[in-house]
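**Q** next input, structure requested:
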Amino acid sequence: MKTKVVIVGGGTAGITVAAQLRRKSKDLDITIIEPSEKHYYQPLWTLVGGGIVPKEESQRDEKDYIPEGVTWIKDAVVEFLPEKNSVVTKEGKHIGYDFLVVAPGIQIDWHKVKGLPEAITKDGVCSNYSYDTVDSTWRFISNFRGGNAIFTQPNTPVKCAGAPQKICYLAEDYFRKKGIRSKAKVKFISGMPKIFGVPKYAEALTKHCQEKEIETIFKYNLTEIRPASKEAIFHHVETGEELIERYDMIHVTPPMSAPDFLKQSPLGNKDGWVDVDKATLQHNRYENIFALGDASSLPTSKTGAAIRKQAPVLVENLLRVIKGNKPSSNYNGYTSCPLVTGYGKLILAEFDYDLNPMETFPFDQSKERYSMYLLKRYILPQLYWHGMLKGIA
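**A** Next up is the predicted model:
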């Protein structure tokens, strides 16, 4: 089997690119390879973990979002053969292409935290980073009666770098509303060197943590969960120094990486991410291959908002290359992180590759606002399902 354009991955990036390609070129032969029958709007999982929305609101059938005229192969790619212009699937199919778009997303490495796979969803150990585990976050937050509440972030790239602290802020706010804040010790322990990469927003978030008495500890990665003693083991990312914290509840953001089949392929850089030009999104070695989204080497936060700006650049450049021209459109690294700081409160961070704010609204977005919370809760999901995945937003 051979297709003009093969898209690996039917998540946010893959569907958005397919939809935009179909709108611009009705006759283009496109195939999406994606094993999942369900599609998730993952930004809602913070609100699911905070007890605001049911998780079912984040899930739809994949088949309803495959663009009309696009072939869907319900299978998973396991090998790339760029010299032969083909991919190999789990079922053993060799699928040829003239042009390839790689967008399989990011891999969550639950196994890299010792004891985590066995402990997750039990005895206070929870995570928003899976549809199957997100319910446990609200269960443990709502049943919390006091003690140590710990929220972690690894020093690896993760889906939405702000998400690990959002659930910390929601939990702290809930403990306050419930009247048990004085019985709770809330800690945010991160493998990163600071709270946020953009100075403007980092200043606002640091101030928020100080005002809410959230203890912050940086440069420590969670390496082990000991459920029998309810201990979390951390190690300093530079010195290796061990830190042991007892928990009554702990929200874990697991380490993440490029999918294993990418790490083992000719397409990846030294860290396994698809090695593309950060402006054109074209592969640095294979001119007929492009990538975007979480699996790409693009040095920006891995968010749906970033994909919304990457997709039109990729589509324009891909169509130019198909016609025998050079890429001309450039992506500036724009990404956005709606930082929920409590119930009905949100700081909207928007910035580029150089960590310069690129704010949409005519006011200081580093201030907490109810209007921005409403944007995240109600408007952005609708834009996603009815605009972005349809190729029109």
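
**Q** assumed Trp45 was part of a helix.
**A** Yes: with DSSP: H, G, I helix; E, B strand; the rest coil as the criterion, Trp45 is located in a helix.

**Q** separation between it and Asn143?
**A** 19 Å (C-beta to C-beta, to the nearest Å). Quick note: C-beta positions are derived from backbone N, CA and C, even for glycine.

**Q** same check, this time on Pro327
**A** 53 Å.

**Q** check which helices and strands the helix ranked longest in the chain sits against.
**A** If you go by DSSP state H, the chain has its longest helix at helix 304-322. Taking 3 or more C-beta pairs under 8 Å, 6 or more residues apart in numbering; DSSP states H and E as contact, the helices and strands that helix 304-322 lies on are helix 12-24, strand 94-102, strand 289-291, strand 335-342.

**Q** ranking these by burial, who's on top?
**A** strand 289-291 (a mean of 28; mean count of other C-beta atoms under 10 Å).

**Q** span of stretch 360-376 from start to end?
**A** End-to-end distance for stretch 360-376: 14 Å, by C-alpha to C-alpha, to the nearest Å.

**Q** over to stretch 331-344?
**A** First residue to last in stretch 331-344 (C-alpha to C-alpha) measures 32 Å.

**Q** and Ile95, what are its bridge partners?
**A** Beta-bridge pairing for Ile95 (DSSP bridges): Val87.

**Q** OK, contacts around it?
**A** For Ile95, the contact set (C-beta atoms under 8 Å, 6 or more residues apart in numbering) comprises 1-3, 6, 31, 33, 73, 86-89.

**Q** circling back: what angle separates the longest helix of the chain from strand 94-102?
**A** 120 degrees (axes from the mean of the first three to the mean of the last three C-alpha atoms, to 10 degrees).

**Q** now helix 304-322 and helix 12-24, what's the angle there?
**A** Going by the same axes, to 10 degrees, helix 304-322 makes 50 degrees with helix 12-24.

**Q** show the average pLDDT along helix 304-322.
**A** In this model, helix 304-322 carries a mean pLDDT of 98.

**Q** restricting to C-alpha, output that helix in PDB.
**A** Extracted in PDB, the C-alpha atoms of helix 304-322 (Å, rounded to 0.1, in the frame of the first residue of the first chain):
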ATOM      1  CA  GLY A 304      -2.200  22.000  22.100                       C
ATOM      2  CA  ALA A 305      -1.900  25.700  21.800                       C
ATOM      3  CA  ALA A 306       1.600  25.200  20.300                       C
ATOM      4  CA  ILE A 307       0.200  22.700  17.800                       C
ATOM      5  CA  ARG A 308      -2.500  25.200  16.800                       C
ATOM      6  CA  LYS A 309       0.300  27.500  15.600                       C
ATOM      7  CA  GLN A 310       2.600  24.800  14.200                       C
ATOM      8  CA  ALA A 311       0.000  23.000  12.100                       C
ATOM      9  CA  PRO A 312      -0.600  25.900   9.500                       C
ATOM     10  CA  VAL A 313       3.100  26.400   9.100                       C
ATOM     11  CA  LEU A 314       3.700  22.600   8.500                       C
ATOM     12  CA  VAL A 315       0.700  22.400   6.100                       C
ATOM     13  CA  GLU A 316       1.900  25.400   4.000                       C
ATOM     14  CA  ASN A 317       5.500  24.100   3.900                       C
ATOM     15  CA  LEU A 318       4.400  20.600   3.100                       C
ATOM     16  CA  LEU A 319       2.200  21.700   0.200                       C
ATOM     17  CA  ARG A 320       5.100  23.800  -1.100                       C
ATOM     18  CA  VAL A 321       7.500  20.800  -1.000                       C
ATOM     19  CA  ILE A 322       4.900  18.600  -2.700                       C
END
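
**Q** fine by me, we can end here.
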